[in-house]
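Engineer: got a predicted model here, sequence first, then my questions.
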Amino acid sequence: MRELIFEGRILRLELEDGRWEIVRHADAVAVVARDEAGRVLGVWQQRPAVGGRTWELPAGLIDDGESPAQAAARELAEETGLAGTLSPLTRFYASPGFCDELVHLFVADDLRPEHGASPDDGEVVEIEWRDPASTWHEIATGALATSGVTVLGLRHVLAGGVLDGADAQRP
């Protein structure tokens with residue numbers, strides 16, 4: 001038996017069998033992209049939930065009626081003003097112990113200007129291209145706050161685009 005405890009704009013909190021708190025969260029997308037110099041594209045954002053700024057891959061929620069690929073293209077354009085050829089890399093649950101949010105990670109190639117960035121109302125983003133190895137080091141040492149999907153995307157880049165190859169670089 002499920003009991004609705006709270007319903008907001010992007011999530012619902014349910015209690016299942018009087019025991020399990022379950023967050024029903026909108027699914028999301030993220031995009032990992034590199035430039036000709038090998039730098040990774042990210043955006044700085046203020047994140048009230050963690051009390052500070054984070055550097056993350058361009059990402060956002062999938063709107064009603066949108067496919068993951070459409071959402072990824074929209075988020076890339078909104079946050080960075082860029083478009084590209086998007087290829088699905090993987091999908092995974094963000095935190096399946098209590099939440100059903102499914103995250104779709106895409107790789108963007110052939111980047112080109114799309115239009116000026118147009119973040120959502122109240123969203124302030126600052127675009128920054130970063131060196132993947134130094135960014136990995138900053139995350140590993142706690143000097144840089146980020147998201148799990150950003151760590152996965154960065155790992156993909158550092159592995160030379162191969163997630164399970166024996167000859168992949170190890171950070």
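Structural biologist: Ah, there it is.
Engineer: now the helices for this structure?
Structural biologist: Using DSSP state H, the helices of the chain run over 68-80, 132-140, 148-158.
Engineer: quick check: mean pLDDT of the shortest one?
Structural biologist: It refers to helix 132-140. Taken as a whole, helix 132-140 carries a mean pLDDT of 98.
Engineer: buried stuff in it?
Structural biologist: Buried residues in helix 132-140, counted by 16 or more other C-beta atoms under 10 Å: 132, 135, 136, 138, 139. Using the backbone N, CA and C atoms, a C-beta is placed for each residue, glycine as well.
Engineer: which residues touch the residue nearest to the spatial centre of the chain?
Structural biologist: In the chain, the centroid-proximal residue (C-alpha atoms, centre = their mean) is residue 30; its distance is 3.5 Å. By C-beta atoms under 8 Å, 6 or more residues apart in numbering, the residues touching residue 30 are 56-59, 72, 75, 103-106, 147, 149-150, 153.
Engineer: and if you look at residue 72?
Structural biologist: Residue 72 makes contact with 29, 30, 31, 86, 104, 106, 108 under the criterion C-beta under 8 Å, 6+ apart.
Engineer: just give the closest residue to the residue nearest to the centre of the chain, not the sequence neighbours.
Structural biologist: Nearest non-adjacent residue to residue 30, counting by C-beta to C-beta, 6 or more residues apart in numbering: residue 59, 3.8 Å away.
Engineer: then residue 46?
Structural biologist: Leaving out its chain neighbours, the residue that sits closest to residue 46 by C-beta to C-beta, 6+ apart is residue 53, at 5.5 Å.
Engineer: one more: residue 66?
Structural biologist: Distances taken as C-beta to C-beta, 6+ apart place residue 74 nearest to residue 66, at 7.3 Å, with adjacent residues excluded.
Engineer: hang on, isn't the one you found packed against residue 67?
Structural biologist: No. Assessed by C-beta atoms under 8 Å, residue 74 is found out of contact with residue 67, at 10.4 Å.
Engineer: gap between residue 151 and residue 18?
Structural biologist: For residue 151, the distance to residue 18 (C-beta to C-beta, to the nearest Å) stands at 35 Å.
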